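**Q** requesting a structural model of the entry that follows:
(one chain, ligands or ions: 1)
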Amino acid sequence: MHNPQLNRHGELQHLLTLDGLPREVIISILDHAAPFTEVTEREVKKLPLLRGKSIFNLFFENSTRTRTTFEIAAKRLTADVVNLNVSTSSTAKGESLLDTIDNLCAMHADMFVVRHSASGTPVLIAQHLHATGRDHIHVVNAGDGRHAHPTQGLLDMYTIRHFKHDFSQLSIAIVGDVLHSRVARSQIAALTTLGVPDLRVIAPKTLLPSSIESMGVRTFNDMREGLRGVDVVMMLRLQNERMAGALLPTPQEYYKIWGLTAEKLALAKPDAIVMHPGPMNRGIEIDSAVADGNQAVILPQVTFGIAVRMAVMCMLAGQ
Ligand code: NCD
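**A** Predicted coordinates for the structure are as follows:
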C-alpha cells in the first residue's frame, strides 16, 4: 500500500502518523536518535546537519514540552527556527491556514512543525504542498486533535527500548483516557508494529473508543487485573478539554479507581517502568509518590524526545 509519508525512493518525506509506518523506518529513526543523546550531553551541543534550513514551529494549540523540544532539537542541528505566535498572527485576523502556509513558503521555509486541535491539519498541509509543487518542504505532525502524535510515540518507543531492550518480550499497559488521546493511538500503532506480544489498554468503558479491539490490544476495566505482571505502565492525561458531557464521576473518584498509586503499581513487575507524556495531573491519574518515584522515567522521556526529534528532522531534511 502506498504510504503518503514516504517518497518514491521509500524515504521519509513527512512524519504525519505512525499508523502504517514500516517497522524498518521506526527502527531507523530510533537508531539515528541514539548518537544524538550524546550530543545533548556535550558542552557544545551543536551539529551542523541542518545549517541554513528554516524550520517554522506552528503551534495552534498549547504546548510546553513538545514545542520547546522541537525548538531545541532544531537549534542543536544549527537550523534557523521561527516560532510563529499564532495568537498574534494573521490567522487570528482571519487569514486561512493555507494562505499562512503559502506566505511562509514564500519566505523559503524548509519544514513546518504543526500542532492543531483539528485532526488532519498536518495531512492537509502536506497535500497542499504536494498539489502546489512544493514537495521539497517537509511537514512534521506535533499532535493533531485526537488523531496522532507521532514524535511522542517515537520518543516513547526510544524510552522503552532504552530501559527494556527487546519489544518482543514485553507486557505493556496503556492506562486512562484512550478515547481522547492522540498519544495512545500513536503508541498503539508503534507497539503493534514493533511486535509487542502483550499490549493492554486499561480504562473506564466511557473512555475507550469503540474500535479499540481492532487495534490489536486487550482491554481491561479492572486496573489491578490489567497491571498484573506488566513491564511498562504508560499513563495518559485525562483530556478534560476534549470531553463533551459527563463521561466521568468526580476527579477524586477517578483517582480512586484509575489513579496509579504505589499499591497498584506493586502488581506490575518489580522492575516495571512508569511513563507519562506530560503534562501530568498529580492526584488525578497519577500519585505524586509514583510520579517522583524510582520506577518513573517521565523526565528521561523528555530528554530522549530531543534526540528523537533531531533524528526525525535530519531524516527529513538533512544532507
Ligand atoms: C500530549 C499532547 O499534547 O498530546 N502532551 C505532549 O505532547 N507531551 C499529551 C496530553 O496533552 O495529554
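**Q** when you work out contacts or count neighbours from here on, use the C-alpha atoms and nothing else.
**A** Noted.
**Q** tell me if Ile160 really is in a strand.
**A** No: assigned with DSSP: H, G, I helix; E, B strand; the rest coil, Ile160 falls outside any strand and is helix.
**Q** which residues are in contact with it?
**A** Ile160 makes contacts with Val232, as judged by CA atoms under 8 Å, 6 or more residues apart in numbering.
**Q** enumerate the residues of the stretch 151-300 of the chain near the ligand.
**A** Within reach of the ligand by CA under 6 Å from any ligand atom, the stretch 151-300 of the chain has these residues: Arg182, Val183, Arg237, Pro277, Gly278, Pro279.
**Q** what about the fourth one, distance to Leu238?
**A** In this structure, Pro277 and Leu238 are separated by 11 Å, where distance is defined by CA to CA, to the nearest Å.
**Q** same check, this time on the second one
**A** Relative to Leu238, Val183 is positioned 12 Å away (criterion: CA to CA).
**Q** wait, Ala296 touches Val274, no?
**A** Yes: contact criterion CA atoms under 8 Å: Ala296 and Val274 qualify, at 4.5 Å.
**Q** the two: which is more packed in?
**A** Neighbours per residue (other CA atoms under 10 Å) separate Ala296 from Val274, with Val274 holding more: 21 against 18.
**Q** list the residues that contact Val201.
**A** Contacts of Val201 by CA under 8 Å, 6+ apart are Ala173, Ile174, Val175, Val217, Arg218, Thr219, Phe220, Gly226.
**Q** again, 6 Å this time
**A** Ala173, Ile174, Val175, Thr219 (CA atoms under 6 Å, 6 or more residues apart in numbering).
**Q** and the pLDDT for Asn62?
**A** In this prediction, Asn62 carries a pLDDT score of 87.
**Q** what is the neighbour count of it?
**A** Asn62, neighbours per other CA under 10 Å, totals 11.
**Q** quick one on the thing from earlier: what's the closest of the contacts of Val201 to the ligand?
**A** Val175 (12.1 Å; CA to the nearest ligand atom).
**Q** that closest one is in contact with Ile202, isn't it?
**A** Yes: using CA atoms under 6 Å, Val175 and Ile202 qualify as a contacting pair, with a distance of 4.7 Å.
**Q** just the strands in this protein please.
**A** Applying DSSP state E to the chain gives strands spanning 54-59, 80-84, 111-116, 138-144, 171-175, 198-202, 218-220, 232-235, 273-275.
**Q** redo those strands as JSON lines? Include mean pLDDT.
**A** As requested, the strands of the chain are arranged in JSON lines below (pLDDT from 0 to 100):
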{"stretch": "strand 54-59", "mean pLDDT": "97"}
{"stretch": "strand 80-84", "mean pLDDT": "95"}
{"stretch": "strand 111-116", "mean pLDDT": "97"}
{"stretch": "strand 138-144", "mean pLDDT": "98"}
{"stretch": "strand 171-175", "mean pLDDT": "98"}
{"stretch": "strand 198-202", "mean pLDDT": "98"}
{"stretch": "strand 218-220", "mean pLDDT": "97"}
{"stretch": "strand 232-235", "mean pLDDT": "98"}
{"stretch": "strand 273-275", "mean pLDDT": "98"}
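**Q** looking at those strands, which is nearest to Phe304?
**A** If you check each of those against Phe304 by CA to CA, strand 273-275 wins as the nearest, at 12.6 Å.
**Q** helices and strands around the closest one, which ones?
**A** Applying 3 or more CA pairs under 6 Å, 6 or more residues apart in numbering; DSSP states H and E, we find strand 273-275 packed against strand 232-235.
**Q** show residues contacting the strand it packs on.
**A** Residues outside strand 232-235 that contact it (CA under 6 Å, 6+ apart) are Ile172, Ala173, Ile174, Val175, Ala272, Ile273, Val274, Met275, His276.
**Q** number of residues surrounding the first one?
**A** Read that as Ile172. 27.
**Q** residues contacting it?
**A** Ile172 sits in contact with Leu199, Val230, Asp231, Val232, where contact means CA under 6 Å, 6+ apart.
**Q** could I get those as a markdown table with distance to His138 and neighbour count?
**A** Formatted as a markdown table, those follow (distance: CA to CA, whole Å; neighbours: other CA atoms under 10 Å):
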| residue | distance to His138 | neighbour count |
| --- | --- | --- |
| Leu199 | 32 | 21 |
| Val230 | 38 | 22 |
| Asp231 | 36 | 20 |
| Val232 | 33 | 24 |
